[in-house]
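Novice: sequence and predicted structure are below.
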Amino acid sequence: MRRRVVITGLGTVNPIGNNVKDSWENVKKGVCGIAPIKNIDVTDHIVKVAGEVKDFNTEGIIDKKDARRMDKYSQYAMVAAVEAFDDSSINMENEDALRCGVIFSSGIGGMETTEANYLTGEKRGFDKVSPFYIPMGISNMAAGNIAIRVGFKGMCTCVVTACASSNNAVGDAFHYIRDGYAEVMLCGGSEAAITHLGLGGFTSMKALNTTEDPNRASIPFDKERAGFVMGEGAGALILEEYEHAVARGAKIYAEVVGYGATCDAYHITAPCPDGSGGAAAMTMAINDAGIKPEDVGYINAHGTSTHLNDAGETMAIKAAFGDHAYKLMVSSTKSMTGHLLGGAGAVEAVFSTMALKDGFIPATINYQVPDEECDLDIVPNEGRNVQVEYALSNSLGFGGHNASIIFKKWEA
């Protein structure tokens, strides 16, 4: 018999809030976290706006010495993870640490650290780069730092599947608990790639929107969409075996019930135009959950604001859900946060969980021009107070990676 898996802790740092409470309130208000870039000099960059984390402070959460030895992506991860861990009220004195694990992702890892050390190497010689460069820069170190902090001694790993990374992390953690390998998993993802190299790389491949108007930059499903907007931050979830959670009197946000992961096997950056890979991931998640397509009421779409993604994801939803696709609410919270790359799926998992808990469906904000290729109910501009039983969250990544997770509203 498959074990049930529930969510007992949430944490996040993102462009619209540095914790879950503030972030969710801003989602409900439809706040746009995209603004002119402040943390780096973009005089020589074409792209001028992004979804930066604002007023970020590690004080009281990460020791100052430890913070200096962490890249920003790892700091974001730690703050979100500590919030989720504290929120769960897990007491490690009562736990078998070998039955508690971490799957925490980053699509890119410590890009800021890599840039800084390369410049040091060019100037002073590469044998003079920081001895902390490698442990600060590698993508798995957020997971390692988190495990050290909370004392989880079970499997600790980092899924790297570009923009699908943290959806895979949550899904893999769900299956790991469900199939009996652990009682508790801290999962999620983090990214901090709003750097000179990050901006330049995505700009040169024509992936980013170049408008300087924050309200017309990340506009998923809008006919005038012209590229995604870089975001940064982290999302973290504590997943727990149901009986284990009940035995310790844990509060439960929602249940994780389905997961599907596929690959387009089509192109290094472009999604398969017919959306077949994404459709297969959603269908796999629905079958994994043991539900019917008609049971799903809301989809937190990958919705990047690129022409290919939004049109292809719309086709994928139609292929997976048939006529029910037109009855679904399908919104993209990237309209508020921008695209957090490897951290996107985790933040959107937090938002999907809160949508079920609060009975509120987030809007796709700043929507103006309808597109006949994206003709689903994208919840334009205003969120809705609607109770749904099941929510699905999609993440799609370069390399053709597709990951879909289904959450179920918790009824005590």
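Specialist: All right, it came through fine. Just so it is clear, the model here is predicted, and its values are computed rather than measured. Numbers count the residues shown, from 1 in each chain.
Novice: quick one, domains of this structure?
Specialist: 5-247, 257-409 (automatic domain parsing).
Novice: okay if I get those domains as a markdown table plus mean pLDDT and mean neighbour count?
Specialist: In short, each C-beta sits where N, CA and C put it, glycine included. Shown next, in a markdown table, are these (pLDDT from 0 to 100; neighbours: other Cβ atoms under 10 Å):
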| stretch | mean pLDDT | mean neighbour count |
| --- | --- | --- |
| domain 5-247 | 98 | 21 |
| domain 257-409 | 97 | 22 |
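Novice: contacting residues for the residue lying closest to residue 33 once chain neighbours are set aside?
Specialist: Once flanking residues are discounted, residue 33 sits nearest to residue 15: 3.0 Å by Cβ to Cβ, 6 or more residues apart in numbering. Applying Cβ atoms under 8 Å, 6 or more residues apart in numbering to residue 15 gives the contacts 33, 34, 51, 52, 53, 54, 231, 232, 233, 336, 337, 338.
Novice: try it again at 10 Å.
Specialist: Residue 15 sits next to 23, 26, 31-35, 50-54, 194, 229-233, 336-338, 340, 347 when contact means Cβ atoms under 10 Å, 6 or more residues apart in numbering.
Novice: swap in residue 242?
Specialist: Contacts for residue 242 were tallied using Cβ under 10 Å, 6+ apart; they are 3, 4, 5, 6, 8, 177, 178, 250, 252, 255.
Novice: go again with 6 Å.
Specialist: Residue 242 makes contact with 4, 6, according to Cβ atoms under 6 Å, 6 or more residues apart in numbering.
Novice: quick one, strands of the stretch 251-400 of the chain?
Specialist: Per DSSP state E, counting those that start in this stretch, the stretch 251-400 of the chain carries strands over the ranges 254-263, 296-300, 329-331, 390-397.
Novice: my guess is residue 231 contacts residue 341. True?
Specialist: No - at 7.5 Å, residue 231 and residue 341 do not qualify as touching, with contact defined as Cβ atoms under 6 Å.
Novice: re the thing from before, which of the contacts of residue 15 fall within strands?
Specialist: 35, 50, 233 (DSSP state E).
Novice: could you dump those residues into JSON lines and include distance to residue 351?
Specialist: Putting the ones in strands among the contacts of residue 15 into JSON lines (distance: Cβ to Cβ, whole Å) gives the following:
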{"residue": "35", "distance to residue 351": "20"}
{"residue": "50", "distance to residue 351": "19"}
{"residue": "233", "distance to residue 351": "12"}
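Novice: for stretch 90-110, list the C-alpha coordinates in PDB.
Specialist: Extracted C-alpha coordinates of stretch 90-110, given in PDB (Å, rounded to 0.1, in the frame of the first residue of the first chain):
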ATOM      1  CA  ILE A  90       9.800  19.100  13.900                       C
ATOM      2  CA  ASN A  91      11.900  18.300  16.900                       C
ATOM      3  CA  MET A  92      15.000  16.300  15.800                       C
ATOM      4  CA  GLU A  93      15.400  14.900  19.300                       C
ATOM      5  CA  ASN A  94      12.300  12.800  18.500                       C
ATOM      6  CA  GLU A  95      13.400  11.900  15.000                       C
ATOM      7  CA  ASP A  96      15.500   9.200  13.300                       C
ATOM      8  CA  ALA A  97      17.900  11.600  11.400                       C
ATOM      9  CA  LEU A  98      18.600   8.800   8.900                       C
ATOM     10  CA  ARG A  99      14.900   8.800   7.900                       C
ATOM     11  CA  CYS A 100      15.000  12.500   7.200                       C
ATOM     12  CA  GLY A 101      16.500  13.800   4.000                       C
ATOM     13  CA  VAL A 102      17.000  16.800   1.700                       C
ATOM     14  CA  ILE A 103      16.400  17.200  -2.000                       C
ATOM     15  CA  PHE A 104      17.100  20.800  -2.800                       C
ATOM     16  CA  SER A 105      17.800  22.000  -6.300                       C
ATOM     17  CA  SER A 106      19.400  24.800  -8.300                       C
ATOM     18  CA  GLY A 107      19.500  25.000 -12.000                       C
ATOM     19  CA  ILE A 108      22.800  27.000 -12.100                       C
ATOM     20  CA  GLY A 109      24.200  27.200  -8.600                       C
ATOM     21  CA  GLY A 110      26.700  29.900  -7.500                       C
END
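Novice: ok, residues contacting that stretch?
Specialist: Residues contacting stretch 90-110 (Cβ under 6 Å, 6+ apart): 71, 73, 136-139, 142-143, 146-147, 151-159, 162, 165-166, 169, 172-173, 182-191, 193, 341-342.
Novice: which one of the ones in strands among the contacts of residue 15 is nearest to residue 85?
Specialist: Each of the ones in strands among the contacts of residue 15 was checked against residue 85 using Cβ to Cβ; the closest is residue 233, at 17.4 Å.
Novice: could you find the closest non-adjacent residue to that closest one?
Specialist: Nearest non-adjacent residue to residue 233, counting by Cβ to Cβ, 6+ apart: residue 14, 3.6 Å away.
Novice: next, the one you found: phi, psi?
Specialist: Taking degrees, to the nearest 10, you get phi -160, psi 180 for the backbone angles of residue 14.
Novice: quick check: beta-bridge partners of it?
Specialist: residue 17 (DSSP bridges).
Novice: that one contacts residue 337, correct?
Specialist: Yes - at 5.3 Å, residue 14 counts as touching residue 337 under the criterion of Cβ under 6 Å.
Novice: hang on, the earlier thing: and the gap between the residue nearest to residue 33 and residue 92?
Specialist: 32 Å (Cβ to Cβ, to the nearest Å).
Novice: could you do residue 30 as well?
Specialist: Separation of residue 30 from residue 92 (Cβ to Cβ) stands at 39 Å.
Novice: now for the top helix by length along the chain, which elements pack on it?
Specialist: Using DSSP state H, we find that the single longest helix of the chain is helix 72-88. In terms of contacts (3 or more Cβ pairs under 6 Å, 6 or more residues apart in numbering; DSSP states H and E), helix 72-88 is packed against strand 5-13, helix 141-150, strand 184-191, strand 233-241.
Novice: tell me what angle that helix forms with strand 184-191.
Specialist: Angle, helix 72-88 to strand 184-191, by axes from the mean of the first three to the mean of the last three Cα atoms, to 10 degrees: 150 degrees.
Novice: so that it lines up with my notes, have the first residue be 37 from now on.
Specialist: All right, first residue 37 from here; so that's helix 108-124.
Novice: I appreciate the help and will end here.
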